[in-house]
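[1] sequence first, then the predicted structure:
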Amino acid sequence: MREIPGQSGGGMTFAVSDRGLAEAEPEAAPLPAVRSAPDDRLRVAIDARKLRDPESGVGSYIVNLVQALLRQDAPPGLLLVRTRGHRPIGVDGVEEVFVRYPAEIALTPGRLAPALRGHRFDVLHSPFDIAPRGFDVPVVVTIHDINWIVNPAYNSYNLFMRKAGGFFYRTRLTDAMQTASRIIAISHATRNAIVEYAPWHEPKIRVVRSGIDRRRIFPLPADEAERLVAPIVDASHPFVLTVGQASPYKNHIGAVRAFLRAFADRPEYRMVLVRRPAAGDRALDRLLATPAARERVIVQSSVRPAVLNALYNRARVVLHPSFYEGFGLPLVEAMAAGTPLVSSSVSSMPEIVGPAGLLASPANVDALARALVAADGDELLRSRLTAAGRERLALFDWDESAKATLAIYREAVRHPRRAD
């Protein structure tokens, strides 16, 4: 995942995430007031430097986790580690400390401990795969995926970046897993991948799924969704929606091919592809330059959050044919909007989608096309998928995720070296 900084301070930022290049709201969403709690409550330091990009996958994870922790009956005291140049959150009961170093730099593991001297906390949570060293308190690390370890080619079209990124993330992920007292995996698929790579860490892994922020993605009245989407796609055009950052593992070329094959005889259909343009994706560039794709595939490099919600609502089908995911946020976003899903039969997708979508091999364009035709044209199937999605959303509740995470903090404090 890469961040593209905007203006510092209270200005806009941009983030490449599972939502593509999404135009972020200024800073983070408002946080609730902390409920009363005794002075001796658990104190948790959270490395929240990616909170400046609440539209990124990790930024969204941080802001929603913090909000949900503050809603708990016995909330912990929170110390958020932020990057200098960004405005304070300003919430009672939340202390903030500002450091010079961005999140994903080689200096992070060794430089954070000196910056936090003099601050009291019982456990440190690193929510983005890199664990700082030099603390005498237990460290909890959230691992979203080990994509760079599984296959660096999934993450970049550039050979040098594959090698450099592969070395950086393999080193940092391996170090983070070794440093952590507890590892939070955001899916069983991520847990299984960690165990396959480093089976000796299995006793300290706990699976806590991410949630869905239903204030951001939710059902809209049809006329409201239509109004918001109108500048992108006309009301006369049904469309398939694909959302994701421009990395090879997202399989956007497979998505476009499947769409064009599925609706070859339906010229009124369109595809909306929300992704940042990626240098080096020559195969997709050539496909998008063909007459059929130029006429029917609408590429959006950035959308406002309200428009993203409207796109999910107005789409006939959400297509998410990734080769690999640690979780797959667009999957639960489609469920929250009540839109049928077509996704991959590999990695975390079957676990997250369950009965709420149709699954096919991401390498099989014909199978993806057949699934698109079925999810679009069979009204009974559409109703069944939508109902299953609504029911499945209960598995992705941030309050429950925060409750489980809080229990892991307490476990790590009680037994910092033992995980059984």
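    Sure, I can see it. Because the structure is a prediction, the values reported are computed rather than measured.
[2] rest of the way, CA atoms for contacts and neighbours
    OK.
[3] pLDDT below threshold where in this structure?
    The chain contains residues with pLDDT under 70 at 1-40, 52-56, 90, 104, 106-109, 418-420.
[4] how about the top helix by length along it, which residues are buried there?
    When the chain is parsed with DSSP state H, its longest helix is helix 159-179. Buried residues in helix 159-179, counted by 16 or more other CA atoms under 10 Å: 162, 165-166, 168-170, 172-177, 179.
[5] swap in stretch 67-78?
    Applying 16+ other CA under 10 Å to stretch 67-78 flags 67-72, 74-78 as buried.
[6] can I get that stretch in PDB? Just the C-alpha atoms.
    C-alpha atoms of stretch 67-78 as PDB (Å, rounded to 0.1, in the frame of the first residue of the first chain):
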ATOM      1  CA  GLN A  67     -13.800   4.900  17.700                       C
ATOM      2  CA  ALA A  68     -15.000   1.500  18.700                       C
ATOM      3  CA  LEU A  69     -12.500   1.200  21.600                       C
ATOM      4  CA  LEU A  70     -13.900   4.500  22.900                       C
ATOM      5  CA  ARG A  71     -17.400   3.100  22.800                       C
ATOM      6  CA  GLN A  72     -16.600   0.100  25.000                       C
ATOM      7  CA  ASP A  73     -18.200  -0.100  28.500                       C
ATOM      8  CA  ALA A  74     -14.700   0.100  30.100                       C
ATOM      9  CA  PRO A  75     -12.700   1.900  27.500                       C
ATOM     10  CA  PRO A  76      -8.900   1.900  27.700                       C
ATOM     11  CA  GLY A  77      -6.800   5.100  28.000                       C
ATOM     12  CA  LEU A  78      -5.400   5.800  24.500                       C
END
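[7] what sits against Val44?
    76-79, 121-125, 409 (CA atoms under 8 Å, 6 or more residues apart in numbering).
[8] His144 too?
    Contacts of His144 (CA under 8 Å, 6+ apart): 128-129, 185-187, 190, 326-327.
[9] neighbouring strands for the helix or strand where Leu80 lies, and are they parallel or not?
    Assigned by DSSP states H and E, Leu80 falls within strand 77-83. Within its sheet, strand 77-83 is paired with strand 43-47 (parallel), strand 94-99 (parallel), according to DSSP bridges.
[10] which of those strands sits most buried?
    Comparing the strands paired with strand 77-83 on average neighbours per residue, with mean count of other CA atoms under 10 Å, the densest one is strand 43-47 at a mean of 22.
[11] for the helix or strand following it, packing partners?
    Using DSSP H and E, the helix or strand that follows strand 43-47 in sequence is helix 57-70. When contacts are defined as 3 or more CA pairs under 8 Å, 6 or more residues apart in numbering; DSSP states H and E, helix 57-70 packs onto helix 398-414.
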